[in-house]
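J.: This is a predicted model, with the sequence first.
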Amino acid sequence: MPGQAGGGGFVVELEKFTGPLDLLLHLIREDEVDITDLPIAKIADQFLAVIADLGLNQAADYLEMAARLLRIKAQLLLPRRLGDDEWDDPRAELVRRLLEYQQIRELVDWMHVAAGARAERYARGYEAPPPDAPPAPLRIELNELLAAAERVIALIPEPTLHRVVPRPLDVEGATARLHALLAERETFGWADAVGPQATLVDVLSTFIALLELAKRGTLTLTQPEPFGPMVIRRESPREAA
Amino acid sequence: MSPLAKLLEAALFAAARPLTFEDLASLDPEAGEMAVEAALGELRAAYGDDHGVELLEIADGWQFLTRREYAEAIDRAQFALRPRRLSPAALETLAIIAYRQPVGRLEVDEIRGVDSGAVMDKLVERGLIEVVTRGEGLGRPLLYGTTPPFLEILGLKSLDDLPRLDELSVALRRPAPIPDDDP
Amino acid sequence: MSPLAKLLEAALFAAARPLTFEDLASLDPEAGEMAVEAALGELRAAYGDDHGVELLEIADGWQFLTRREYAEAIDRAQFALRPRRLSPAALETLAIIAYRQPVGRLEVDEIRGVDSGAVMDKLVERGLIEVVTRGEGLGRPLLYGTTPPFLEILGLKSLDDLPRLDELSVALRRPAPIPDDDP
């Protein structure tokens, strides 16, 4: 007898269902009811019974579906006024998902047949040892690389482009030099401060250092007459305070 | 057969996988496309009904496969390994990815109603799906698509050989009697 | 060919190893030795000079092998065709290293959001990136950069020929709406 072909009724087994939607669809088919007008109360009870039987009532996905079914059932039981056009059928979302899923199952059946037919054909079994030749050349298109770079850039939430600005100013060096001068002399002029053969960078660095030290009260800057030379004078800490 | 047809035959025999037209054309850089086309025709004619193997178009390429009627005998003798069958969950996941590609894991989970991470990892491992790009949304999710080996296990020439969704939905509307179920 | 010869053909094609006479005879328990012998002869005749493959009796039994005169072309084609391509993950990693070099693994991981160790090992193996120096930080991490073969494969004279990142964004990004600072 063709015992294994086709199927003798529905044998409920764990692997039979790929998920709660699969089980639900199975119940609907078994009852030959219309998906678009789902008898929720009945289906929900059956669903709960099956997952309890199969021990699936521990599985989160099945449990979530059970909860969803019960909620829809409860919503349907709530009284509603006649002619209430605002009413949304609480089953709508589930029905949409079921129809979508049913389509997928149909495809699965088709693919199952196709894979079965292909499995009845054998490809060449013997594979010749790989030729003693250099490996295939690698090909990378610049476009591919750039597209990859673009994908990567898009991954970084805030594109942080670090621009490295050269900092030739040496304010620290100038400050140290001024401290050394102040330790030796109480007053000195700009020429002493900036040193011999000063570059533009030296001038700027020294000037910033002078302003900073003046602000801190380490020294005072005075210019006794307009366009006259600048006098740099040491400020004692006590007086500064 | 022409020398070119014999060369193609040898190459197709040597390769355990489908070879594309470009693959075949590259065997003899001096042969033009027309010549390759003609040689392929010659080869198909030579492997007609009178052979135990036939030349089939699969996964955008050509492959020699044994005729279906010999499957049982070869199976019984156990000279060759039968390809592993895919589980219903794997087929379901593949179906969704085939039709929705590029598609992210969340969407697959949602359609199936179950977590599909483990199944998808297995399918990636078997080379049936692969990450093809990243999505736009939050976290730029990985999006998956099918591979040539996917077409190979179904024996399809291209994704176009899959039934169209609208063809299916028509069939789905009526409560279809389950075929072959009656004893 | 006789059905038995076709069956032998299919089995010999599908088998991963040479098949002995006993193997072949076991395919059809009802066929006698004489019939198998005759079918083998038929098959040898069918795969005569006019084919790219031949049926050979080698030490362990019978096997279809490609004719030697085509071996060279097939070997040549096997490496000439299907230039290997990099996976999206490998390309992304390579892009990061090309633009950020010298760069450590941690930084690459951080930018891609996934562990990139295996991908980077592969890229090193393929000679596309190499350790160029060590970083300053904790543990003095290995820093990677691209190699001359990387430029060669891309057809670039030097790294300066890589488009600048800001050019890239302009070229590849969709025109983004200018952010409104003042409401």
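T.: In hand now; what should we look at? As the structure is a prediction and not an experimental result, all values here were calculated from the model.

J.: In contact with residue A:16, which residues are there?
T.: Residue A:16 is in contact with residue A:26, counting by Cβ atoms under 8 Å, 6 or more residues apart in numbering or on different chains. In short, each C-beta sits where N, CA and C put it, glycine included.

J.: all helices for chain B, in order.
T.: Here chain B has its helices, by DSSP state H, at B:3-14, B:21-25, B:33-46, B:71-77, B:88-100, B:105-112, B:117-125, B:148-154, B:165-173.

J.: Output those helices as TSV; include the columns mean neighbour count.
T.: Shown next, in TSV, are the helices of chain B (neighbours: other Cβ atoms under 10 Å in any protein chain shown):
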stretch	mean neighbour count
helix B:3-14	23
helix B:21-25	19
helix B:33-46	16
helix B:71-77	17
helix B:88-100	22
helix B:105-112	18
helix B:117-125	15
helix B:148-154	21
helix B:165-173	12
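
J.: Out of the ones you listed, which gets nearest to residue A:69?
T.: Residue A:69 lies closest to helix B:105-112 among the helices of chain B, at 17.3 Å (Cβ to Cβ).

J.: who's in contact with the spatially most central residue of chain B?
T.: Nearest residue to the geometric centre of chain B (Cα atoms, centre = their mean): residue B:151, 1.6 Å. Going by Cβ under 8 Å, 6+ apart, residue B:151 touches B:58-60, B:157-159, B:161.

J.: Can you tell me how far residue A:24 is from chain B?
T.: Here the distance between residue A:24 and chain B works out to 8 Å (Cβ to the nearest Cβ, to the nearest Å).

J.: what about that residue, which helix or strand?
T.: helix A:20-31 (DSSP states H and E).

J.: chain center to that helix: distance?
T.: A distance of 36 Å separates the centroid of the chain from that of helix A:20-31, by Cα atoms, centre = their mean, to the nearest Å.

J.: What are the boundaries of the helices in chain A?
T.: Assigned by DSSP H, the helices in chain A fall at A:20-31, A:40-54, A:60-77, A:92-119, A:142-155, A:171-184, A:190-194, A:200-216, A:237-240.

J.: Worst mean pLDDT among those helices?
T.: Ranked by mean pLDDT, those end with helix A:237-240 in last place, scoring a mean of 48.

J.: Export the helices of chain B to TSV and append columns for mean pLDDT.
T.: Compiled in TSV, these are given as follows (pLDDT from 0 to 100):
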stretch	mean pLDDT
helix B:3-14	93
helix B:21-25	90
helix B:33-46	94
helix B:71-77	90
helix B:88-100	94
helix B:105-112	93
helix B:117-125	89
helix B:148-154	93
helix B:165-173	57
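
J.: so which of those helices gets nearest residue A:233?
T.: Of all the helices of chain B, it is helix B:105-112 that lies closest to residue A:233, at 72.8 Å by Cβ to Cβ.

J.: packing partners for that closest one?
T.: Packing partners of helix B:105-112 (3 or more Cβ pairs under 8 Å, 6 or more residues apart in numbering or on different chains; DSSP states H and E): helix A:92-119, helix B:88-100, helix B:117-125, strand B:142-146.

J.: just to revisit the earlier point, between helix A:92-119 and the helix holding residue A:24, find me the angle.
T.: Counting by axes from the mean of the first three to the mean of the last three Cα atoms, to 10 degrees, helix A:20-31 points 90 degrees away from the direction of helix A:92-119.

J.: hmm, who's touching helix A:20-31?
T.: Residues outside helix A:20-31 that contact it (Cβ under 8 Å, 6+ apart): A:10, A:16-17, A:35, A:38-39, A:42-43, A:46-47, A:50-51, A:56, A:61-62, A:64-66, A:97-98, A:101-102, A:105, B:92, B:112-114, B:175, B:178.

J.: out of the residues you listed, which are buried?
T.: Buried by 16 or more other Cβ atoms under 10 Å in any protein chain shown: A:17, A:35, A:38, A:43, A:46-47, A:50-51, A:56, A:61-62, A:65-66, A:97-98, A:101-102, A:105, B:92, B:112-114, out of the contacts of helix A:20-31.
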